[in-house]
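I need the structure of the sequence given here:
(2 chains)
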Amino acid sequence: EPEVTQTPSHQVTQMGQEVILRCVPISNHLYFYWYRQILGQKVEFLVSFYNNEISEKSEIFDDQFSVERPDGSNFTLKIRSTKLEDSAMYFCASGRTGDGYTFGSGTRLTVV
Amino acid sequence: GNSVTQMEGPVTLSEEAFLTINCTYTATGYPSLFWYVQYPGEGLQLLLKATKADDKGSNKGFEATYRKETTSFHLEKGSVQVSDSAVYFCALRGSGNTGKLIFGQGTTLQVKP
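Numbering: from 1, shown residues only, chains lettered A, B, ... in the order given. The predicted model follows:
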């Protein structure tokens, strides 16, 4: 069964550093998403991406965040200057439509 | 705005017990409703979905019926197994077409042998 692949599975970074979280969506999918889950809390929407542009973003997704689909296969989330409160599990997801898409297994980001 | 409320956990059951996890929602228009499951150390997996009122989603012995009159989408299973131990998330997708999901806070299920 096709999978959404995320790398790395765990990343530790120092506060103020830039991080790039990588995702390889399922190949024929058109809709791409990033969510995050702070430990013990609910899963929160960050951003949706369709047709090479952001279609919706949450208030969490401020100027420190950006997304890119650089080569038609990868989908990346960049955090320019990490803060302690950015520590969370970040999930990438993709779908052929906007309904019932597939999540990756997540990248645990720890900011120290 | 749209929101999802789930029953508080953790829920602890013995194997073969009946499971209900309550989920209610607030939304404008006609949302689609989902249950996702997260096994320990893993990502979110779609368990079942329903896209219109009175639809019943079902998978792996789990089922949930989209009740518009009570704005509910309760998850049920007749006989749980130890392997069902996980966190269950109810979610909705609003009427817009961006696909954004709004999740409930998750309910931890622990099944004991």
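
so who does the closest residue to chain A within chain B touch?
Residue of chain B nearest chain A, by CB to the nearest CB: B:Gly99 (2.9 Å). In this view, the C-beta of every residue, glycine as well, is placed from N, C-alpha and C. Shown in contact with B:Gly99 (CB atoms under 8 Å, 6 or more residues apart in numbering or on different chains): A:31, A:33, A:48, A:95, A:97-99, A:101, B:93.

let's see it at 7 Å
A:31, A:33, A:48, A:95, A:98-99, A:101, B:93 (CB atoms under 7 Å, 6 or more residues apart in numbering or on different chains).

mind checking the SS state of it?
Here B:Gly99 is coil, with the state taken from DSSP: H, G, I helix; E, B strand; the rest coil.

got a markdown table for the contacts of B:Gly99, with pLDDT, secondary structure and neighbour count too?
Putting those into a markdown table (pLDDT from 0 to 100; DSSP: H, G, I helix; E, B strand; the rest coil; neighbours: other CB atoms under 10 Å in any protein chain shown) gives the following:
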| residue | pLDDT | secondary structure | neighbour count |
| --- | --- | --- | --- |
| A:Tyr31 | 92 | strand | 21 |
| A:Tyr33 | 96 | strand | 29 |
| A:Ser48 | 94 | strand | 27 |
| A:Gly95 | 90 | strand | 22 |
| A:Gly98 | 68 | coil | 20 |
| A:Asp99 | 70 | coil | 15 |
| A:Tyr101 | 84 | coil | 24 |
| B:Arg93 | 91 | strand | 23 |
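
export those residues as CSV, with columns for distance to B:Gln38.
Shown next, in CSV, are the contacts of B:Gly99 (distance: CB to CB, whole Å):
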residue, distance to B:Gln38
A:Tyr31, 21
A:Tyr33, 16
A:Ser48, 21
A:Gly95, 18
A:Gly98, 21
A:Asp99, 20
A:Tyr101, 15
B:Arg93, 18
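
give me the element the spatially most central residue of chain A is part of.
By CA atoms, centre = their mean, chain A has its centre lying nearest to A:Trp34, at 3.5 Å. According to DSSP states H and E, A:Trp34 maps onto strand A:31-37.

repeat for A:Phe61
Going by DSSP H and E, A:Phe61 is not in any helix or strand.

from what I can see it touches A:Leu46, true?
Yes. In this structure, A:Phe61 is within contact of A:Leu46 by CB atoms under 7 Å, at 5.0 Å.

beta partners for A:Arg36?
A:Arg36 has these beta-bridge partners by DSSP bridges: A:Glu44, A:Tyr90.

correct me, but it touches A:Tyr90?
Yes. Using CB under 7 Å, A:Arg36 is in contact with A:Tyr90, at 5.0 Å.

neighbours of the nearest residue to the residue nearest to the centre of chain A once chain neighbours are set aside, how many?
Nearest residue to A:Trp34, sequence neighbours excluded (CB to CB, 6 or more residues apart in numbering or on different chains): A:Leu46, at 4.3 Å. When neighbours are counted by other CB atoms under 10 Å in any protein chain shown, A:Leu46 registers 21.

and chain A, which of its residues are near chain B?
A:31, A:33, A:42-43, A:45, A:48, A:55-56, A:91, A:95, A:98-101, A:103-106 (CB under 7 Å from any CB of the partner chain).

ok, now with 6 Å
A:31, A:42-43, A:45, A:48, A:55-56, A:91, A:98-100, A:103-106 (CB under 6 Å from any CB of the partner chain).

who's in contact with stretch A:101-112?
A:4, A:6, A:10-13, A:15, A:21, A:23, A:82, A:84, A:86-87, A:89-95, B:42-44 (CB atoms under 6 Å, 6 or more residues apart in numbering or on different chains).
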